[in-house]
Structure formats: C-alpha cells, structure tokens
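>>> Turn this into a structure:
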Amino acid sequence: MLQFISDNLATILVGFAVAVLLALSLWAMHRDKKKHAHEGGCGGGCCGCPYAGKCHGK
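Numbering: from 1, shown residues only. You can find the predicted model right below:
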C-alpha cells in the first residue's frame, strides 16, 4: 500500500486539490444563491417563481 501511494503521490495530490477546489466552488455558489435569494432582481411577477409570496408582501 505504501508503495502504491509513493508511486502515485502526484496524482493523489492533484486529485485532492481538484476535489477541494470543486467543493469550495459549490459552497460559494450555494452561499451566494442563499444570500441573494431575497435581494434585487425581482421583476414582481410571482407566477412560477419558487419564492412566490416570500420576497415581498402581497
């Protein structure tokens, strides 16, 4: 097992780095979507909006 790790250390590190970057990217997208869900950009047409009735009073 130790031989396998030493033979493939560069591949393992690059794969880990890519996985970390992907996780950070997904986390940032989720955070931004959650942060901006109730802010501007609303055209006022609640029909078909997943946040219908939650972003402003009726």
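
>>> Where does pLDDT dip in this structure?
In the predicted model of the chain, residues 36-45, 55-58 satisfy pLDDT under 70.

>>> can you rerun that using 80?
34-58 (pLDDT under 80).

>>> does His30 sit in a helix or strand, and which one?
Using DSSP states H and E, His30 falls within helix 9-35.

>>> now that helix: how far from the chain's centre is it?
9 Å (Cα atoms, centre = their mean, to the nearest Å).

>>> now for it, which elements pack on it?
Contact partners of helix 9-35 among helices and strands, from 3 or more Cβ pairs under 8 Å, 6 or more residues apart in numbering; DSSP states H and E: none. The C-beta positions use only the backbone N, C-alpha and C, and glycine is treated the same way.

>>> Show me what counts as buried in it.
Going by neighbour count (16 or more other Cβ atoms under 10 Å), nothing in helix 9-35 comes out as buried.

>>> Show me the residue at the heart of the chain, geometrically.
Per Cα atoms, centre = their mean, the C-alpha nearest to the average position across the chain is that of Leu26, at 2.3 Å.

>>> From Cys46, how far out is that one?
28 Å (Cβ to Cβ, to the nearest Å).

>>> Also Thr11?
Taking Cβ to Cβ, one finds Thr11 at 50 Å from Cys46.

>>> next one: Ala52
4 Å.

>>> out of these two, which sits in the more crowded spot?
Cys46 (15 against 11; other Cβ atoms under 10 Å).

>>> Tell me the secondary structure of the more buried one, please.
Secondary structure for Cys46, judged by DSSP: H, G, I helix; E, B strand; the rest coil, is coil.
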